[in-house]
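Colleague: Sharing a sequence plus its predicted fold:
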Amino acid sequence: MALDNMSEKETFRVTDLMNSRAKKCLGWKTPFEVFAELTDKDYFLNRSIVLMG
């Protein structure tokens, strides 16, 4: 699916899925968890940024 054809709701859904999936390279933590640990900021409630791990 092309990104320009995605609705804002679909974009946030995909972003949430990417950021809340545990990854082996992050020690089985989610990008949200690692980012929160490193920055002392909890962006999980924001759900509007994409963190690549």
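Modeller: That came in fine, so what should we check first?

Colleague: Which positions within the host helix or strand of Lys9 qualify as buried?
Modeller: Of the helices and strands defined by DSSP states H and E, Lys9 is found in helix 8-19. With burial defined by 16 or more other C-beta atoms under 10 Å, the residues of helix 8-19 counted as buried are Met18, Asn19. From N, CA and C alone the C-beta is placed, and that goes for glycine too.

Colleague: Quick check: mean pLDDT of it?
Modeller: Mean per-residue pLDDT for helix 8-19: 85.

Colleague: State the pLDDT value of Thr30.
Modeller: 91.

Colleague: ok, it - how many residues close by?
Modeller: For Thr30, the neighbour count with other C-beta atoms under 10 Å is 18.

Colleague: residues in contact with it?
Modeller: Asn19, Ser20, Arg21, Ala22, Lys23 (C-beta atoms under 8 Å, 6 or more residues apart in numbering).

Colleague: Including distance to Met6, could those residues go into CSV?
Modeller: Shown next, in CSV, are those (distance: C-beta to C-beta, whole Å):
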residue, distance to Met6
Asn19, 16
Ser20, 18
Arg21, 19
Ala22, 24
Lys23, 23
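
Colleague: between these, which is nearest Lys29?
Modeller: Nearest to Lys29, judged by C-beta to C-beta, of these is Ala22 at 6.2 Å.

Colleague: What distance do you get for that closest one to Asp4?
Modeller: 30 Å (C-beta to C-beta, to the nearest Å).

Colleague: more neighbours, these two?
Modeller: Ala22 (12 against 5).

Colleague: quick one: pLDDT of the more buried one?
Modeller: pLDDT, Ala22: 94.

Colleague: tally of neighbours for the nearest residue to it once chain neighbours are set aside?
Modeller: The shortest distance from Ala22 to any non-neighbouring residue, by C-beta to C-beta, 6 or more residues apart in numbering, is to Trp28 (4.8 Å). By the measure other C-beta under 10 Å, the count of residues near Trp28 is 9.

Colleague: okay but Leu26 is in contact with Phe32, surely?
Modeller: No. Between Leu26 and Phe32 there is no contact under C-beta atoms under 8 Å: 10.1 Å.

Colleague: Give me the more crowded residue out of the two.
Modeller: Under the neighbour definition other C-beta under 10 Å, Leu26 and Phe32 were set side by side, and Phe32 has more, 22 against 15.
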